[in-house]
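In: Any chance you can model this:
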Amino acid sequence: MESAAEEAVTSRVVAMSFLLDSDTCSAYLKGHPKVGNQCVLHHGSLSLSAISVGELRTWTNRKNARVKTKQSFTLFLNDVEIIPVERTIAERFGIERARLFDLGTAIAEMDLFIAATALVHDLTLVTHNLSDYLRVPGLRLVDWLE
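Out: As a prediction, the model looks like this:
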């Protein structure tokens, strides 16, 4: 039987969930070994914003895209939770966008929707694009490409 402290540590480890940014998914689809290993390690706790699905589907549907990449992406979507853009995410996006505008440091809208998704769902954002996302307070970031 686990002590209360051990249960707390176990629940924190199990509860850690990730939102994959489009650049991380792209690295996975290109066969980056570190990203692949992390995806296997955290299988079952990976999410993807509907925004990233759209960005990646654009990439996989370009006329010069490899058929294998498109198939791999379709299979990958079966292994992650897709989070739609709902009102709470849109509201958080607007709050953060206004704050960044007022500071004169706006970031790309798609990236800000992804950040809002991570904040609303209390997820750690996995990205190699740290410079933009560091401007969003309270956003937990990790880079699996380092």
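In: gap between Ala27 and Lys63?
Out: Distance, Ala27 to Lys63, using CB to CB, to the nearest Å: 22 Å. C-betas here are computed from N, CA, C, even on glycine.
In: Those two: who's more crowded?
Out: The residue with more neighbours, out of Ala27 and Lys63, is Ala27; 21 against 4, by other CB atoms under 10 Å.
In: Gly44 - that's part of a strand, no?
Out: No. The assignment for Gly44, made by DSSP: H, G, I helix; E, B strand; the rest coil, is coil rather than a strand.
In: who are the neighbours in contact with Leu20?
Out: 28, 46-48, 52, 80, 126 (CB atoms under 8 Å, 6 or more residues apart in numbering).
In: Which of the residues you listed sits closest to Met110?
Out: Distance ranking of the contacts of Leu20 against Met110, using CB to CB, places Ser52 first at 8.3 Å.
In: need the helices for this structure, in chain order.
Out: Counting by DSSP state H, one finds helices in the chain at the ranges 4-15, 22-29, 33-41, 50-60, 67-77, 87-103, 109-120, 130-133.
In: Select, out of the ones you listed, the one closest to Trp144.
Out: So among these, helix 33-41 is nearest, using CB to CB, at 4.6 Å.
In: what's around the nearest residue to Ile114 once chain neighbours are set aside, how many residues?
Out: Using CB to CB, 6 or more residues apart in numbering and skipping residues adjacent in sequence, the residue nearest Ile114 is Ser49, 4.9 Å away. By other CB under 10 Å, the residues close to Ser49 number 27.
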